[in-house]
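In: quick one: sequence plus predicted model below, questions after.
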Amino acid sequence: MNRTIAAIAFGLMALAQVATAQKQVVDELIANVGTEIVLLSDLEEQYSLLLAQQGTLPPDARCAILEQLLTQKLLVNQAKLDSVEVSDDEVEAQLNARIEQILSYMNNDVRQFEEYYGQTIGEVKEAFREDLRDQMLAERMRSQIVADITVTPSEVVAFYNRIPHDSLPYFNSEVEVSEIVVKPRPNAEERAEARQQLEELRRRIVEGGEDFGELARKYSDDFGSARLGGDLGWAKRGKFVPEFEAAAYRLEPGEISDIVETEFGYHIIQLLERRGNQIHTRHILIKPRISQADVDRAIALLDSVRILVLADSMSFSEAVKRFGTDDVQSYNNDGRMVNPRTGNTFFEIADLDPDVYFAIDTLEVGGLTRPFTFTAPNGEKWVRIVKLESRSEPHRASLSLDYAKIRKAAIEAKKNEYLYNWVMRTIRNTFIHIDQRFLDMCPNLEPWVTASGTAASGK
């Protein structure tokens, strides 16, 4: 077994690629790990996916994939023995996020989605629900196994010193940046117009008998639920913002709420079903339009904040908390932006949004940009100022410049070592069966049967 066991990389496949990657095979069981099974189709689907992504694969690719599948099944089997759980709500949230991502590539065209997959959104979610649950369960088990792993400074130095100098990674120029983000607020006239539009929609449903779902699909500004007729699915208390939740839980099945105002805009809510403390609702959301005058006011506010910070009348961190929106990740990090690709605060130029790069390009370290607009993840126009915290030149990795990165790599190496040892200990007490065909062609799988003491069998 490779001692640097990767994180479970082949759990639930990216849904957008599965349709073209799957191969039709005559299915059969090729391995057991405790009560968990591995099917030939599991292996072939993931092999086809990798092949579609990379074009060519090494001869032993199937062996590596099967070892990763066995590791995932071992984690899932142990998670069930240890009563580790993943809730239905967590699985549903992950499914929804993946569907949302795919739809975003299709311009939120549900018809295109269903034509591409040959299934409805609900059918696609159902097909992948249990696979995703197992993936999440395996990752949760892995996280528990390595949760307490850390490294001392001396271990970081030792890890660094074990790397041959000519094998040290070469880092491109990187920057660290902080931001203050302000969301323009709609003016009173736009708020009144949005409310009036929603009141008319409510009248058309309640008095005119028009279909709630059809109007949601046509008019709702919550694009995620709009294509489902406004359906928000089942939810427990605590899922929705307080104003929405309070109104929803007061409704009787079939009843439609009055206008409800939240931070997202104006809603009407219909309660479809109630099951104990869970409710099944749908809604129509109308967001007040943000005018250019509203954006200009936000720009003027941030311009004033910039002057205060530059004059040392207020710290950047204080300005984040007083004026920034908490709808961005950086708000809870004193404004410091985190690179979503790496999980740390360092950005190579290619990782930065182009508008941020051009804004900081000529700044000195410690400098602030002027306010500029950008498009938020929800499609709205927001305003921010950016501070250049640090800038490094291209260089080979060193402890003095890259300690945080080297420490992270040292921790990951230690976690992989610990996980390898856990696997070897755990399979000793777990029933393992691997089809002899794969043992004959995959030397890396031999430890799975020798360590477990169970005999592999074939046909």
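Out: Happy to help now that I have it. Treat the numbers as computed from the prediction; the structure is a model and nothing was measured.

In: quick check: longest helix of this protein.
Out: Assignment by DSSP state H gives helix 399-427 as the longest helix of the chain.

In: what's the burial count for the closest residue to Ser392 other than its chain neighbours?
Out: Counting by Cβ to Cβ, 6 or more residues apart in numbering, Glu174 is the residue found nearest to Ser392 once chain neighbours are left out, at 5.0 Å. For every residue, glycine as well, the C-beta is placed using N, CA and C. Counted with other Cβ atoms under 10 Å, residues neighbouring Glu174 total 24.

In: for the longest helix of the chain, the distance to its chain's centre please.
Out: 23 Å (Cα atoms, centre = their mean, to the nearest Å).

In: please apply the same query to stretch 376-384.
Out: Worked out by Cα atoms, centre = their mean, stretch 376-384 lies 19 Å from the chain centre.

In: next, the distance between the ends of that stretch.
Out: The straight-line separation of the ends of stretch 376-384 (Cα to Cα, to the nearest Å) is 11 Å.

In: that older thread, list the buried residues in the longest helix of the chain.
Out: 402, 405-411, 413-416, 419-420, 422-423, 426-427 (16 or more other Cβ atoms under 10 Å).

In: do the same with stretch 158-171
Out: 159-160, 171.

In: cool, stretch 209-227 as well?
Out: By 16+ other Cβ under 10 Å, the buried positions in stretch 209-227 come out as 212-213, 215-217, 219-222, 225-227.

In: then stretch 437-446?
Out: Across stretch 437-446, burial judged by 16+ other Cβ under 10 Å covers 438-439, 442, 445.

In: can you flag which of these belong to helices?
Out: Going by DSSP H, the helices hold 438-439 from these.

In: all strands for this protein, in order.
Out: Listed in chain order, the strands of the chain (DSSP state E) span residues 29-33, 36-39, 170-171, 174-182, 231-235, 260-262, 265-275, 278-286, 347-348, 372-375, 381-392, 395-396, 432-434.

In: just put those strands in CSV and tack on distance to Glu123 and mean pLDDT.
Out: Shown next, in CSV, are the strands of the chain (distance: least, Cβ to Cβ, whole Å; pLDDT from 0 to 100):
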stretch, distance to Glu123, mean pLDDT
strand 29-33, 25, 95
strand 36-39, 20, 95
strand 170-171, 46, 88
strand 174-182, 39, 96
strand 231-235, 15, 89
strand 260-262, 32, 95
strand 265-275, 20, 95
strand 278-286, 19, 95
strand 347-348, 40, 92
strand 372-375, 33, 94
strand 381-392, 36, 95
strand 395-396, 52, 91
strand 432-434, 33, 94
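
In: include distance to Val241 when you put the ones you listed into JSON lines, please.
Out: Formatted as JSON lines, the strands of the chain follow (distance: least, Cβ to Cβ, whole Å):
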{"stretch": "strand 29-33", "distance to Val241": "43"}
{"stretch": "strand 36-39", "distance to Val241": "39"}
{"stretch": "strand 170-171", "distance to Val241": "42"}
{"stretch": "strand 174-182", "distance to Val241": "19"}
{"stretch": "strand 231-235", "distance to Val241": "12"}
{"stretch": "strand 260-262", "distance to Val241": "5"}
{"stretch": "strand 265-275", "distance to Val241": "10"}
{"stretch": "strand 278-286", "distance to Val241": "12"}
{"stretch": "strand 347-348", "distance to Val241": "32"}
{"stretch": "strand 372-375", "distance to Val241": "23"}
{"stretch": "strand 381-392", "distance to Val241": "19"}
{"stretch": "strand 395-396", "distance to Val241": "46"}
{"stretch": "strand 432-434", "distance to Val241": "49"}
